[in-house]
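**Q** I'd like to go over a predicted model; first the sequence, then the structure.
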Amino acid sequence: MRAALFAVSLLTASAADLLLVVEKNNDSVGFYNLANGAPVASVKVGHIPHEFVFSADGKSLYVTNYGTARWTDDAPGGNTISIIDLATKQVTGEINLGQYHRPHGIELGRSGKLYVTCDLPSAVLIIDPLQRKIERAIPYAAKVLPHMLALTRDEKKFYTANAGNAAITVHDLKTGHAKHLEVGGVPMGLALTGDEKTIYVATRTADTVVEIDTQKWAIRRTFKIEGQPVRLQLLPGEKQILASLIVDGAMAVIDLKTGKEIKRIKVGLNAEGMHIDPRTNEGFISAQGEKRVVRFSLKTFEKNGAVATQERPDPILIYRRPN
């Protein structure tokens, strides 16, 4: 069964399609053939990179260079974002963040601007990537540590999961007003629904996934998910959500109607980054401690292969070259 599913992925993925992986302890972004997992290129960036996004034109990657191993570290870390040209697979420049250190979460708005969380000092930066400059810095209280970020489509609001204060924040960019909501534990992963009426947050040390009504700004439900959930991924149709469990080395599938965990698959040590590909009906999850990205079926959630990577693979993207 697993061999058959893997064969399907080989047939539906073009030879030109690439799996992109941030490899934190190798200070690199790895390029792998999506169809067969063969290495294509390894691009060195800054020290201990963490998250990445495509540019607005799809020709580049922006990679946050965190510069230290954990959010609990006292080290100042890095203060740059590397720019990778996807055609040449080379670093073509960087965005210097000056006083803002340990950039982590990064999202691209429809405007083409970047929204980036930083630890030291705690802030969210709005960046013009073409000019390579910070347009606006939104300060947080010291040691709040905004970790991951979710942005509304109209770029009027963003949400942050704050690893330092057990809360999430919604910030209105027009009024400048911010509201906070305590969710417990160490909030990390976020997933905003398509209608933007609900946001889910993974709370690492509380072992929960919290469902929040964004209009009432209140907790609607809390799901107990053992294993320290750190990242979330809504599936097409938004009837299920995936949670990567960093301590359990697994992925949990949660039914959003019942709030119950319906399946758990072991993927390997320190499971974290996830990505889904509706075109091939596959998902991908990183097993950082085993230097691999596991691929699985979105229909059965059975594993159907793995891609060997460099050390500490984490976030994952798929790049398809323009025709």
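**A** Here it is on my side, so go on. Numbering: from 1, shown residues only.

**Q** just so I have it, where are all the strands in the stretch 1-150 of the chain?
**A** 18-23, 28-33, 39-44, 49-54, 60-65, 80-85, 90-96, 101-108, 114-120, 123-128, 133-139, 146-151 (DSSP state E, counting those that start in this stretch).

**Q** Quickly run through the sheet partners of the fourth one, with directions.
**A** Here strand 49-54 is paired, per DSSP bridges, with strand 60-65 (antiparallel).

**Q** still on that earlier bit, can I get the strands of the stretch 1-150 of the chain in JSON lines with mean neighbour count?
**A** Just so you know, the C-beta spots here come from the backbone N, C-alpha and C atoms, and that holds for glycine as well. Formatted as JSON lines, these follow (neighbours: other Cβ atoms under 10 Å):
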{"stretch": "strand 18-23", "mean neighbour count": "25"}
{"stretch": "strand 28-33", "mean neighbour count": "21"}
{"stretch": "strand 39-44", "mean neighbour count": "16"}
{"stretch": "strand 49-54", "mean neighbour count": "23"}
{"stretch": "strand 60-65", "mean neighbour count": "24"}
{"stretch": "strand 80-85", "mean neighbour count": "22"}
{"stretch": "strand 90-96", "mean neighbour count": "15"}
{"stretch": "strand 101-108", "mean neighbour count": "23"}
{"stretch": "strand 114-120", "mean neighbour count": "26"}
{"stretch": "strand 123-128", "mean neighbour count": "21"}
{"stretch": "strand 133-139", "mean neighbour count": "15"}
{"stretch": "strand 146-151", "mean neighbour count": "24"}
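
**Q** Mean pLDDT and distance to residue 231 added to those, as a markdown table?
**A** Formatted as a markdown table, these follow (pLDDT from 0 to 100; distance: least, Cβ to Cβ, whole Å):
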| stretch | mean pLDDT | distance to residue 231 |
| --- | --- | --- |
| strand 18-23 | 98 | 13 |
| strand 28-33 | 98 | 18 |
| strand 39-44 | 97 | 23 |
| strand 49-54 | 98 | 11 |
| strand 60-65 | 98 | 15 |
| strand 80-85 | 98 | 20 |
| strand 90-96 | 97 | 24 |
| strand 101-108 | 97 | 11 |
| strand 114-120 | 97 | 15 |
| strand 123-128 | 98 | 19 |
| strand 133-139 | 97 | 23 |
| strand 146-151 | 97 | 8 |
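
**Q** Using CSV, please lay out the ones you listed together with distance to residue 239.
**A** Putting those into CSV (distance: least, Cβ to Cβ, whole Å) gives the following:
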stretch, distance to residue 239
strand 18-23, 26
strand 28-33, 30
strand 39-44, 35
strand 49-54, 26
strand 60-65, 31
strand 80-85, 35
strand 90-96, 38
strand 101-108, 24
strand 114-120, 28
strand 123-128, 31
strand 133-139, 34
strand 146-151, 19
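
**Q** what's the closest of the ones you listed to residue 292?
**A** strand 18-23 (9.8 Å; Cβ to Cβ).

**Q** who does the closest one touch, helix- and strand-wise?
**A** strand 28-33, strand 49-54, strand 313-319 (3 or more Cβ pairs under 8 Å, 6 or more residues apart in numbering; DSSP states H and E).

**Q** now the strands for the stretch 201-323 of the chain?
**A** Under DSSP E, counting those that start in this stretch, the stretch 201-323 of the chain gives strands at 208-213, 218-224, 229-234, 240-245, 250-255, 260-266, 271-277, 282-287, 292-297, 303-308, 313-319.

**Q** Tell me which of those strands sits nearest to residue 141.
**A** strand 208-213 (20.6 Å).

**Q** thinking again about what came up before, right, and the helices and strands packed on strand 18-23 - which one's nearest residue 190?
**A** Once Cβ to Cβ is applied to those, the stretch that comes out nearest is strand 49-54, at 12.1 Å.

**Q** returning to what we had before: please identify the deepest-packed of the strands of the stretch 201-323 of the chain.
**A** Stretch with highest mean neighbour count among the strands of the stretch 201-323 of the chain: strand 282-287 (a mean of 26; mean count of other Cβ atoms under 10 Å).

**Q** got the angle for that strand vs strand 292-297?
**A** 150 degrees (axes from the mean of the first three to the mean of the last three Cα atoms, to 10 degrees).

**Q** quick one: average confidence on strand 282-287?
**A** When pLDDT is averaged over strand 282-287, the result is 98.

**Q** Quick one, which of the strands of the stretch 1-150 of the chain gets closest to residue 260.
**A** Across those, closest to residue 260 is strand 146-151 (Cβ to Cβ), at 24.1 Å.

**Q** what about stretch 21-41, distance to the chain center?
**A** When C-alpha coordinates are averaged (Cα atoms, centre = their mean, to the nearest Å), stretch 21-41 and its chain have centres 16 Å apart.

**Q** hey, C-alpha coordinates of that stretch in CSV?
**A** Extracted C-alpha coordinates of stretch 21-41, given in CSV (Å, rounded to 0.1, in the frame of the first residue of the first chain):
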residue,chain,number,x,y,z
VAL,A,21,13.6,22.8,3.4
VAL,A,22,15.2,25.1,6.0
GLU,A,23,18.0,23.1,7.6
LYS,A,24,18.7,25.0,10.8
ASN,A,25,21.9,23.3,12.1
ASN,A,26,23.4,23.3,8.6
ASP,A,27,22.7,27.1,8.2
SER,A,28,21.2,26.3,4.8
VAL,A,29,18.1,25.9,2.6
GLY,A,30,18.1,22.5,0.9
PHE,A,31,16.6,22.0,-2.6
TYR,A,32,15.3,18.4,-3.3
ASN,A,33,13.6,16.8,-6.2
LEU,A,34,9.9,16.5,-5.2
ALA,A,35,9.3,13.4,-7.2
ASN,A,36,12.2,11.2,-5.8
GLY,A,37,13.8,13.2,-3.0
ALA,A,38,17.2,13.5,-4.7
PRO,A,39,19.3,16.5,-3.5
VAL,A,40,19.5,19.3,-6.0
ALA,A,41,21.3,22.1,-4.2
